[in-house]
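Trainee: What shape does this take:
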Amino acid sequence: MTEDAEDFLGDLHHAIRPVRPPNPIVALWRWRYELALLVGAAVAAPTVAELSSALVVGLTALVVLPLGVPQVRHLVWLRVRGVVLQHRLRTAFRAARIHSNSGRIPAILWTSPRTHADRVHLFLPAGLTPELLEGQTDRIAVATGGVHAEVLPTRHRFVVKLVIVRSP
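Mentor: Got it, this is the predicted structure:
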């Protein structure tokens, strides 16, 4: 068997291998913001139900009024966009078949949305290199609503910074 045939078989194996579901700890980490909102609402609902209507209106005003300040609204919007970006990235990794030989997609450690670009720190599973990720930057950019994506190295070989430019 020639080396080209071995490469072809390796690529074929990678293409047909399914993406493994995350373990429970990773699944909780992926949905941490949504779970925190759900738990917070479940804990606050009985307390709010016992309060008088005037107090409820006052508390609602305390929560909603800061959103009238443009800087606060901008920060809230950036955090919401960061959460949506994480879900879009995981979908893009699955669709572009960016996973290790064992079927693990990169873990998103932190998302830092900015006005014109988003920075994402990724933990690469064993078998996935930054070079393999660089080959799919166009697909990642399109899937996340960006015009350009770039993979930047960090001090650690298994952690990379993905920069997604939203506007030129």
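Trainee: Would you map the helices across this structure?
Mentor: 3-16, 24-30, 32-50, 53-64, 70-95, 130-134, 137-143 (DSSP state H).
Trainee: I figured residue 151 hits residue 136, correct?
Mentor: No. Assessed by Cβ atoms under 8 Å, residue 151 is found out of contact with residue 136, at 9.3 Å. Every residue, glycine included, has its C-beta placed from N, CA and C.
Trainee: How many neighbouring residues does residue 25 have?
Mentor: 8 (other Cβ atoms under 10 Å).
Trainee: re the thing from before, wait, which of the helices of the chain is closest to residue 119?
Mentor: helix 70-95 (9.8 Å; Cβ to Cβ).
Trainee: tell me what the closest one is packed against?
Mentor: strand 107-113, strand 117-123, helix 137-143 (3 or more Cβ pairs under 8 Å, 6 or more residues apart in numbering; DSSP states H and E).
Trainee: So residue 37 versus residue 31, what's the distance?
Mentor: 10 Å (Cβ to Cβ, to the nearest Å).
Trainee: And the helices of the chain: which comes nearest residue 116?
Mentor: Using Cβ to Cβ, the helices of the chain put helix 70-95 closest to residue 116, at 11.8 Å.
Trainee: Between strand 117-123 and the closest one, find me the angle.
Mentor: On the basis of axes from the mean of the first three to the mean of the last three Cα atoms, to 10 degrees, helix 70-95 is oriented at 50 degrees to strand 117-123.
Trainee: tell me the pLDDT at residue 93?
Mentor: Residue 93 carries a pLDDT value of 89.
Trainee: My guess is it contacts residue 99. True?
Mentor: Yes. Taking Cβ under 8 Å as the definition, residue 93 is a contact partner of residue 99 at 6.7 Å.
Trainee: Report the set of residues contacting both of the two.
Mentor: 19, 105 (Cβ atoms under 8 Å, 6 or more residues apart in numbering).
Trainee: about what we covered before: between the helices and strands packed on helix 70-95, which gets nearest to residue 80?
Mentor: That would be strand 107-113 among the helices and strands packed on helix 70-95, by Cβ to Cβ, at 9.0 Å.
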